[in-house]
Structures are given as C-alpha cells and as structure tokens.
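> Pasting a predicted model and its sequence here:
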Amino acid sequence: FTTTKKFCTIFIIMSYLLPHLKSAWSVDKAIVNEEDRVVVIRFGSDVNKDCMVTDACLAKIAEKVKNFAVIYLVDTSIVDDFNKMYELYDDCTVMFFYRNKLIMVDYGTGNNYKINWPFPSSDKQDMIDIIETVYRGASQGRGLVVSPKDYSTKFQY
C-alpha cells in the first residue's frame, strides 16, 4: 500500500508542475496566441494512471523544450468542449498545435492526430524528438510530419 501511495503521490505532483488550462476559452487562447512555439496539450485527467505517467515525462522535458514548445494539461472531465471535436475517447491523449493548426504526426499506428498511449519517463528523449520534429516540420509549413521512431509495434506481445 505504501509503495503504491508514494507512486501516485509522485506522479500527481508531476502534473502540478505543468500549467493547467481550465476552460475552453483558455485552451483556444493558448493555441491561437502562441506564434513561435509548438503547443503540446495533454488531454485527460490528473488522477488517471496513464496521464500520471505521461505527465511525469512531460514535466521532466518541459525545461528542455521551452525554446520551441510549451506544454499544457487539460482535464477532459472539466473542459469537455473538445472531447467530440478531437475524438478524445482515450484516457490520455497528447496533441500538437502550431500557429493555430493541429499538426499530425505519423507514428506508424494509423492514428496521426494524437498520441493515445502512456509515454513513460524512460522515453523522455523520444518525446523530445517528436516535439522537435513537429516544430521543424510545422515551421516549414508541413501539416503532417513523420515521427523519428515507428510506434506501430510498441505494444505487441
């Protein structure tokens, strides 16, 4: 019990290290107003286990990517305006925007709009690489970029 409690406490703290957007208006403003950096938004819930894992990864890389990306968290149970528009049916979803445009990334999974699997801290360099690829491609006017790594077989047993 104690180990699980410490695990959850550490990951919940990680989510509070990143800024939260608490309304649809603030999400829109964050996407529209950022002109020079990629806007990375994690849609989900702070208490969801998959989101906790992803939040830990995002919190650890936030300082490293601050020159070309800004990271926000959105609780989909509070701000549900985007659930239908972006098909946010998964527990945890990470999406990328650049100059008010959704940037698609080909991960090799068939879903080019979002990352919908937990991204552990051990893969933080992979996340940095994805964000950097999105930034480089989007700043050149591309709406679809290819992930530096193929995730199509990530969870096959």
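On my side now, so go ahead. Numbering: from 1, shown residues only.

> center of this protein, which residue is that?
Centre of the chain computed as the mean C-alpha position; nearest residue by Cα atoms, centre = their mean is residue 94, 2.9 Å away.

> Which elements pack onto the helix or strand that contains that residue?
Element membership of residue 94, judged by DSSP states H and E, is strand 92-98. Using 3 or more Cβ pairs under 8 Å, 6 or more residues apart in numbering; DSSP states H and E, the elements in contact with strand 92-98 are strand 38-44, helix 49-61, strand 101-106, helix 124-139. Any C-beta I mention is one placed from the backbone N, CA and C, and that applies to glycine too.

> tell me the most buried of those?
Counting by mean count of other Cβ atoms under 10 Å, strand 38-44 has the highest mean neighbour count of those, with a mean of 24.

> list the helices and strands that strand packs on?
The helices and strands touching strand 38-44, judged by 3+ Cβ pairs under 8 Å, 6+ apart, are helix 24-33, helix 49-61, strand 69-75, strand 92-98, helix 124-139.

> Report the strands that pair with that strand, each with its relative direction.
Each strand pairing with strand 38-44, determined using DSSP bridges, is listed with its direction: strand 69-75 (parallel), strand 92-98 (antiparallel).

> Contacts for it, please.
Contacts made with strand 38-44 from outside it, assessed by Cβ atoms under 8 Å, 6 or more residues apart in numbering, are listed as 18, 21, 27, 30-31, 50-51, 54-55, 58, 65, 68-76, 82, 86, 88, 90-98, 103, 131, 134-135, 138.

> Likewise for stretch 103-123?
Judged by Cβ under 8 Å, 6+ apart, the contacts made with stretch 103-123 from elsewhere in the structure are 38, 49-51, 53-54, 56-58, 60, 86-87, 90, 92-97, 102, 126-127, 130, 133-134, 137-138, 142-147, 150-152, 154-155.

> Can you pull out the residues in contact with the strand holding residue 94?
Contacts made with strand 92-98 from outside it, assessed by Cβ under 8 Å, 6+ apart, are listed as 31, 34, 37-44, 48, 50-51, 54, 58, 86, 102-103, 105, 113-119, 131, 134-135, 138-139.
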